[in-house]
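Curious how this folds, go ahead:
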Amino acid sequence: MPANAAPPTSGARRPASSKRLPRAVVAVLCLTLALAWFSKSRCLLFDAGWQDGEQYRGWCYTDIYPLWFVERLDAGAVPYLDHPVEYPVLTGAWMWLANQVARVLPAEAQGQAFLQVTMAMAAACLAATLALLHRMGLPPRRLLWYAAAPTLVLCAFVNWDALPVMLATAAIWLHREDRDVAAGVAAGLGAAAKLYPALLVSLVVLARLRQRRPRAALAHAGAAVGVWLAVNLPVYLAAPEGWSRFLQLSRSRPADHDSLYRIIEVELRSSQFDVPTLNLVTAVLFVGAAAAVLIVGVRRRPPAHTWQLFLPLLIAFLLTSKVYSPQFSLWLLPLLALALPRRTPFLLFCAADAAVFLVRFPWLGGRQGFTPAPGYGVFAVTIAVRAAVLAWIAWLAVRERPAWDGTAAAAEGRSGPQPA
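Reported below is the predicted structural model:
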């Protein structure tokens, strides 16, 4: 049917998979998460404990453990109220909850316990994400794209991003089930943990407007904004300075080591960009890239599939942003399984993302004098290669739709875009 025609039913509901998750897929995810746990725990539990840069040369680094001290959780501080926190409110609540569990133990064991509890909570979120992908009818081979992804091993427990990943995936599932208010609630909660799920809200609103369903669009947007305010407003009123630290940090930070702007600064300019100018440039580039994604992508898919543009839109955000932390790649994993047309670019992304990770941490250790490390030029090459792969993936995801149709009835082996 024409790309701009209304669907035969009022919504985009699709039958969910009635089968159980394949045991092999569950086993692979368990192995992946066990490796992820070991990669972050071994330097603290089995070795000397982050001595002489071990966390860098051994790829054991995680933000979770040092931020237990930095955010004064070791002293029992309540995020935002007692100490400003550099993350959105729902992530701060997760930190507080994990710390309440850890504080049951003796003081000398609480830091380790905080890390272990946080990783257990993140593992539950990542397992729930797999279940949601299965509920959407994703074929087993594509479920393995997520469950066996090297990025999951390397980055699952670097930070607190498993929660927004789960919530964003839940919002997609609920939208596909034609449950617009519930999808808005999930997206709003996701944005309260990490801002990126807010991008999905705009796509759901666009989908409903394309279907000539303005009330559904308004209900979704209202639910997302309402739940975001319900989470954030009490904290803002109680501790406005603590609440705003995340926004202040985002505005004031320079280009991160992993960004394309940093390559330009080091290799071409030999000087840093002025931060206000950099903020303006990143905003303009993202708006332009997002407009291109929507203009081309909307014409190539029916309204019910507008959500698939979340993948190229998110890639546009990552490539134009001044920050690309390692855990940000987790955001992409469910979307790559859902919306990427074919397997080869996914495998290239896995290789490129792993290369960035494996070079990044020894390089950081070298900057601090802990160990000999590759020069920035090597690191820059891995960043540039990953950016090129992501740009290719975005181009494919804009122009084509994945071979599976979301009902678990499509053959995984089909290639090429489906007719709009």
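
shaky segments in the chain?
Within the chain, the segments meeting pLDDT under 70 span 1-18, 47-48, 371, 405-420.

Where do the strands of it begin and end?
Taking DSSP state E as the criterion, the chain carries no strands.

which residue is nearest the centroid of it?
Among the residues of the chain, W331 comes closest to the average C-alpha position under Cα atoms, centre = their mean, at 2.0 Å.

which ones are touching it?
Counting by Cβ atoms under 8 Å, 6 or more residues apart in numbering, W331 makes contact with D161, P164, V165, A168, K194, Y196, L314, L318. For the C-beta atoms, the positions are set from N, CA and C on the backbone; glycine is no exception.

Excluding chain neighbours, what is closest to the fourth one?
Closest residue to A168 apart from its sequence neighbours, by Cβ to Cβ, 6 or more residues apart in numbering: P197 at 4.2 Å.

one step back: hmm, which of the contacts of W331 are the buried ones?
Using 16 or more other Cβ atoms under 10 Å as the burial test, the contacts of W331 include D161, P164, V165, A168, K194, Y196, L314, L318 as buried.

follow-up on the earlier one: looking at it, the residue nearest to A168 is touching P164, isn't it?
Yes: P197 is in contact with P164 according to Cβ atoms under 8 Å; the separation is 5.8 Å.

Tell me the residues that contact both of the two, please.
Joint contacts of P197 and P164 (Cβ under 8 Å, 6+ apart) are G190, A191.

just to revisit the earlier point, ramachandran angles for the residue nearest to A168?
phi -60, psi -20 (degrees, to the nearest 10).

List the contacts of it.
Here P197 is in contact with P164, L167, A168, A171, A186, A187, G190, A191 (Cβ under 8 Å, 6+ apart).

Can you lay out those residues as JSON lines showing distance to V70?
Below are the contacts of P197 laid out as JSON lines (distance: Cβ to Cβ, whole Å):
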{"residue": "P164", "distance to V70": "21"}
{"residue": "L167", "distance to V70": "25"}
{"residue": "A168", "distance to V70": "27"}
{"residue": "A171", "distance to V70": "31"}
{"residue": "A186", "distance to V70": "30"}
{"residue": "A187", "distance to V70": "29"}
{"residue": "G190", "distance to V70": "24"}
{"residue": "A191", "distance to V70": "24"}
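
Show only the entries of those residues found in helices.
Among those, DSSP state H puts P164, L167, A168, A171, A186, A187, G190, A191 in helices.

Most neighbours out of these, which is it?
A187 (33 neighbours; other Cβ atoms under 10 Å).

count of neighbours near the nearest residue to L206 once chain neighbours are set aside?
Nearest in space to L206, with sequence neighbours left out and distances taken as Cβ to Cβ, 6+ apart, is T306 at 5.6 Å. Neighbour count of T306, defined by other Cβ under 10 Å: 25.

Distance of the residue lying farthest from the centre of the chain relative to K322?
Largest separation from the mean C-alpha position in the chain: P106, at 33.9 Å (Cα atoms, centre = their mean). As judged by Cβ to Cβ, to the nearest Å, P106 and K322 stand 42 Å apart.
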